[in-house]
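A.B. asks: structure, please.
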Amino acid sequence: MLERLQPIARRLWQFRLLLLLLAIIGLAGFSLSLFEAAILDGAQIMMPSVVLLFWAITGLSFGSLFAEIPQAPEADAGLKERWGLKVKRSVYWAIGVGMIGLVLSLVLLSYQLIRAWSMA
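C.D. replies: Predicted coordinates for the structure are as follows:
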């Protein structure tokens, strides 16, 4: 699983500046909506801003976490080195499962927020 997540993370990491810019835009839109800024002139952009912010932060986190993962231990490596790499890979595997769960939750949250926003 880690070998499949790494190319995705490396691709996302190439776009880290864009993702950071999107996160800043999402945070700015959320802040403006929260404080009812006059510049919005009654526009409701809180829900799309939150969705944009969450997706951008998730992309940045995913890219930074899985861009470099430990390699699988080789058969001729020592016992201590093999166990150390297996523990590190197990932690990365658990984080990967958590990130997949987070993305699935974010898909559902995005759907619900955009649906609520479009009905308003």
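
A.B. asks: and the gap between residue 26 and residue 20?
C.D. replies: The span separating residue 26 from residue 20 equals 11 Å under the rule CB to CB, to the nearest Å. Any C-beta I mention is one placed from the backbone N, CA and C, and that applies to glycine too.

A.B. asks: buried sites along stretch 93-101?
C.D. replies: Neighbour counts over stretch 93-101 (16 or more other CB atoms under 10 Å) mark 95, 96, 99 as buried.

A.B. asks: what lies in contact with that stretch?
C.D. replies: The set of residues external to stretch 93-101 that reach it, using CB atoms under 8 Å, 6 or more residues apart in numbering, is 1, 2, 5, 58, 61, 62, 65, 66.

A.B. asks: and the residues you listed, which are buried?
C.D. replies: Neighbour-count burial within these applies to 2, 5, 58, 61, 62, 65, 66; the criterion is 16+ other CB under 10 Å.

A.B. asks: more neighbours: residue 26 and residue 20, which one.
C.D. replies: Higher neighbour count among residue 26 and residue 20: residue 26, with 21 against 14, using other CB atoms under 10 Å.
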